[in-house]
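Undergrad: Coordinates only, no sequence provided:
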């Protein structure tokens, strides 16, 4: 059981924390570029720090899976061996997505410098490309699937949801929670890709002049 606990601690929670912090920093973009710049200030130091955090997360992910030697018939903390294979696939796609998004930030910083307002405009144009938008949707779905199964596994290794019936309810709850977070991420992605979102962050929408403006119903200006 101890190896299962170290496995989920190394493979699940670093990604969950990284994605949660990233989403909380991007959410204010729904109120406009100045709000995004205020919540996600750009600097070379912060970019290097985020790079080190991502690399540490990938190293922890690899270490965590190496500590989980399972036979083809074992599911370990996951519901079945098929879930283990699916988890490995989703995890690889999720970390590739996170690493790719980090590379986008490096490109933007080399292109225009550590200027958050300029990064906002570049992201608006870049994420509006259909191919890029599709890759981001796939990446977000991979993160959602990975965290859904991974958090359920985290509860199991601590003795919760072990019985068959309770395990189903545990998986359902984790799936719903993960789906809500992924919809929030898609909402932010929609804002960058189309200029509109399904719902916006609370509070007035900031304008480039720093004055509040009222967002129209159904999206952001």
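TA: Done, it's in. What you are looking at is a predicted structure, and each value in this text was computed from that prediction instead of being measured.

Undergrad: can you give me the strands for the protein?
TA: With DSSP state E as the criterion, the chain has strands at 205-206, 212-213.

Undergrad: where among those strands is the average confidence lowest?
TA: The weakest mean pLDDT among the strands of the chain belongs to strand 212-213, with a mean of 41.

Undergrad: wait, residue 11 sits on residue 153?
TA: No - if you go by Cβ atoms under 8 Å, residue 11 and residue 153 don't touch, sitting 9.0 Å apart. All C-beta atoms are positioned from the backbone trio N, CA, C, and that covers glycine.

Undergrad: Identify the contacts common to these two.
TA: With Cβ atoms under 8 Å, 6 or more residues apart in numbering applied, the contact sets of residue 11 and residue 153 do not overlap.

Undergrad: Relative to residue 61, how far out is residue 90?
TA: To residue 61, residue 90 is 12 Å away according to Cβ to Cβ, to the nearest Å.

Undergrad: Show me the helices in this structure, by range?
TA: Per DSSP state H, the chain carries helices over the ranges 2-11, 13-26, 33-39, 44-66, 81-112, 116-126, 130-157, 164-194.

Undergrad: any idea of the mean pLDDT in the last one?
TA: Yep, that's helix 164-194 we're talking about. What helix 164-194 shows for mean pLDDT is 86.

Undergrad: Which of the residues in that helix are classified as buried?
TA: 167, 170-171, 174-175, 178, 181-182, 184-193 (16 or more other Cβ atoms under 10 Å).

Undergrad: how about low-confidence regions in the protein?
TA: The model of the chain has pLDDT under 70 over residues 1-3, 69-76, 160-167, 200-221.

Undergrad: Next, the buried residues of stretch 118-130.
TA: Within stretch 118-130, the residues that count as buried by 16+ other Cβ under 10 Å are 118, 119, 120, 122, 123, 124, 126, 127.

Undergrad: nearest to residue 111, of those residues?
TA: Set against residue 111, the nearest of those by Cβ to Cβ is residue 122 (7.1 Å).

Undergrad: Show the contacting residues for that closest one.
TA: 108, 111, 112.

Undergrad: And these, which of them are buried?
TA: The neighbour-count test (16+ other Cβ under 10 Å) marks residue 108 as buried among those.

Undergrad: Save the contacts of residue 122 as JSON lines, and put in distance to residue 18 too.
TA: Below are those laid out as JSON lines (distance: Cβ to Cβ, whole Å):
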{"residue": "108", "distance to residue 18": "19"}
{"residue": "111", "distance to residue 18": "24"}
{"residue": "112", "distance to residue 18": "25"}
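
Undergrad: what's the spacing between residue 128 and residue 189?
TA: Separation of residue 128 from residue 189 (Cβ to Cβ) stands at 10 Å.

Undergrad: nope, residue 10 is what I was after
TA: Computed as Cβ to Cβ, the residue 10 to residue 189 distance reads 28 Å.

Undergrad: do the same with residue 95
TA: 18 Å.

Undergrad: cool, residue 51 as well?
TA: Counting by Cβ to Cβ - residue 51 and residue 189 are separated by 22 Å.

Undergrad: rewinding a little: ok, the buried residues of stretch 118-130 vs residue 38, which is closest?
TA: The closest of these to residue 38 turns out to be residue 120 (Cβ to Cβ; 11.0 Å).
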